[in-house]
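Chemist: okay, sequence plus prediction incoming.
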Amino acid sequence: MKYFKILGMVCAFFWVSIAQAGVFELGGSFSWSRSNYNAGSYTWTRAYGASLGYYFTQDSELEFSYHDSTTKNFVQGVQDISYRDRVYSINMLYYLFEEQATFRPFFRLGVGQLNRDATGTYTAAGYSAPGRLDSVSVIGGLGFKIKLMEKVAIKTEATSYLTGGSIGSWQDNLTFNIGGAFYF
């Protein structure tokens, strides 16, 4: 019976927090880049993401997100490799300034599933890229939002996917995103 009382108090706390905030956020981002080298060699990257967040307090958001990135590396006579990363995650965002502020920096901390598919060959070495890597990842990031209107904001951030949760891998999967956010 004691545990039911504690559970009831925890639920009541979250119910009061939800009743005070109650704002959803729908976000999206896209980026594309290409670099050409000599002899027809090139690298290009395309990335997009989508997120759905819920503000359970004015400065805390629970977010579900999806990030998809494809990178193609072609070096004439050396390699022709493609990587596709998909990250499904749940994150907590904590905002530093009040809800009405035009500029709102935030911290991100979460956990996600990284699915990486590699295809192609290293021509000079005579072997193929590793096929698939699936890894639970710790997610950390910094960013900010600039409110353009009451229900619309621009969002930019730097996010790292710590493969296997290792802090030493922070620079291995680092992304910079810019996108938009809509509140409802």
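Modeler: Here it is on my side, so go on. Please read all numbers here as calculations on a predicted model, not as lab measurements.

Chemist: now residue 32, nearest residue through space, not along the chain?
Modeler: Leaving aside its sequence neighbours, residue 32 sits nearest to residue 46 (C-beta to C-beta, 6 or more residues apart in numbering; 4.9 Å). No exception for glycine: its C-beta is placed from N, CA and C like everyone else's.

Chemist: should've said residue 128
Modeler: Here the nearest residue to residue 128 in space, its sequence neighbours aside, is residue 121; by C-beta to C-beta, 6+ apart that works out to 5.2 Å.

Chemist: number of residues surrounding that neighbour?
Modeler: Counted with other C-beta atoms under 10 Å, the burial measure for residue 121 works out to 14 neighbours.

Chemist: returning to what we had before: residues in contact with the residue nearest to residue 32?
Modeler: Residues in contact with residue 46 (C-beta atoms under 8 Å, 6 or more residues apart in numbering) are 31, 32, 69, 70.

Chemist: shouldn't the residue nearest to residue 128 be within a strand?
Modeler: Yes: judged by DSSP: H, G, I helix; E, B strand; the rest coil, residue 121 forms part of a strand.

Chemist: what lines up beside whichever strand or helix holds residue 26 in the sheet?
Modeler: Element membership of residue 26 [criterion: DSSP states H and E] is strand 23-36. As defined by DSSP bridges, the strand partners of strand 23-36 come to strand 42-57 (antiparallel), strand 174-183 (antiparallel).

Chemist: export these as JSON lines, with columns for distance to residue 131 and mean pLDDT.
Modeler: Formatted as JSON lines, those follow (distance: least, C-beta to C-beta, whole Å; pLDDT from 0 to 100):
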{"stretch": "strand 42-57", "distance to residue 131": "20", "mean pLDDT": "93"}
{"stretch": "strand 174-183", "distance to residue 131": "23", "mean pLDDT": "88"}
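
Chemist: in CSV: those, plus distance to residue 128.
Modeler: Putting the strands paired with strand 23-36 into CSV (distance: least, C-beta to C-beta, whole Å) gives the following:
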stretch, distance to residue 128
strand 42-57, 19
strand 174-183, 26
